[in-house]
Each structure stands twice: as structure tokens, then as C-alpha cells.
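In: Sequence and predicted structure are below.
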Amino acid sequence: MEIGDVRKNVKLLIDGKPFNIDDVDFMKPGKGRAIYRLKLRNLRDGSTLERTYHSSEKVEEITIGTHEEQYLYKEGDNYVFMNTETFEQRFVPENMIGDRAAFLKEGTVVTMMMMGDDPIDITLPTFVELAVVGSELATKTATITPQNKSARVETGFNISVPIFIKEGDIIKVDTRTGAYVERVAAKK
């Protein structure tokens, strides 16, 4: 595509890597060709890059698709997901999941961003429900501020929860911040 046709949120392939255009700055100097400054974000690792192009240059646009995948299990250094429509299984490397593994439990449905047949990124649901498998004992003291304690959930993640949360409780956790939201129920 012509550089003059680029706009925010278009996906480009630069040096074999997928990038999202976060910002486009157009400048027309008094003499010469127009200049386009692009702020780009790598879709694989989140790093940023700035590139400058002249008006006659071309860039390679790519199509990024998304679909729902269900997390099945972890095998070695890979997480195994299944496409909810085709039931095709896909292995996603551990380094691509990163800190989000703290919120992945079997059966969680995520949105997977794909470039062709290659997974680029996953988006977790905003909230997940996790069972508390361990918590420290808390003593009630007379204070004005709410008391919190540390609890471990079924994925192995430690989270700060109110002192009334106990083992066996199901809690709702915000995957964007890793914060406790509310108690859903107790396991029966």
C-alpha cells in the first residue's frame, strides 16, 4: 500500500515482524516530498518503534484475524489451546503468554490474535473466577481501613484479599490489574 494511505490501527509487516500503527504524523515541508512519521507497536512483544517514510514509498499491510480459543492444558513450555469452531489444537509458547498465565485455568476462553496460522497475542476475559487454595491466617484488629491478607488461587497466583476470604471460596479477579473484585461463592 502507498504510505499516503496509512492510518491509525492499520497493521504492517516490517522486517518480518507485525506492527500496529499507533500514531501517524504527516509533515509537508516547503520543498521536497511529504514526510510520514509512524509510531509503531510490535504485536508480538509490545515494543515500540518510530519510522519515517517519504510520500512515494510503499509499505506491506497485513491482515490480522481474531477468534475464540479455549485453554486446555500446559505441556512442557507450551500452552495448548483449542479453536472453539474448528476444534483444531494450537501450541502457544510460554513466553508469549507471560504474566497472563496467572489467570489461565482449564476451560478459559480467550480471544487469540492471528497472523495467518501464527498466534500473535491473546486477550483474556476481563474477569475470571478462581478458587482460593490457600490463605494466611489473619487477625482482626480494630482499624478504620479494611484489612487484607495474601491468598493463593488455583493457578498458583498470590493475590491480596479481604480477611473474610477462606480456602475453598471462589473469587472474581480482574485480569487487567490482578486485583480481587468480589467473592462469588464457596465450594460445596
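Out: Received it, and whenever you're ready, just let me know what you need.
In: From now on I want contacts and neighbour counts done on CA atoms only, so please keep to that.
Out: Fine.
In: quick one: low-confidence ranges for this structure?
Out: 138-145, 186-188 (pLDDT under 70).
In: Pull the number of nearby residues for Val6.
Out: For Val6, the count of nearby residues is 19 (other CA atoms under 10 Å).
In: Please report phi then psi for it.
Out: Val6 has phi and psi values of phi -70, psi 150 when expressed as degrees, to the nearest 10.
In: did I read that right, Gly30 in a strand?
Out: No: Gly30 is assigned coil when assessed by DSSP: H, G, I helix; E, B strand; the rest coil, not a strand.
In: Begin at 18 from now on, thanks
Out: All set: I'll call the first residue 18, so the last point we hit is now Gly47.
In: That one: how many residues sit nearby?
Out: The burial count for Gly47: 7, using other CA under 10 Å.
In: Report the central residue of the chain.
Out: The residue lying closest to the centre of the chain (CA atoms, centre = their mean) is Thr140, at 4.2 Å.
In: That residue: what's its closest spatial neighbour, skipping adjacent residues?
Out: Excluding its sequence neighbours, the residue lying closest to Thr140 (CA to CA, 6 or more residues apart in numbering) is Thr128, at 5.1 Å.
In: any idea which helix or strand comes after the one helix or strand that neighbour maps to?
Out: Assigned by DSSP states H and E, Thr128 belongs to strand 126-132. Following strand 126-132 in sequence order, the next helix or strand is strand 135-140 (DSSP H and E).
In: Determine the number of other residues adjacent to Phe181.
Out: When counting by other CA under 10 Å, one arrives at 12 neighbours for Phe181.
In: Checking it next. Helix, strand or coil?
Out: Quick answer, by three-state DSSP: Phe181 is coil.
In: Relative to Val190, how far out is it?
Out: Distance of Phe181 to Val190, given as CA to CA, to the nearest Å: 16 Å.
In: circling back to that earlier point, tell me the angle of the strand holding Thr128 relative to strand 135-140?
Out: Relative orientation of strand 126-132 versus strand 135-140 (axes from the mean of the first three to the mean of the last three CA atoms, to 10 degrees): 140 degrees.
In: Fine by me, thanks again.
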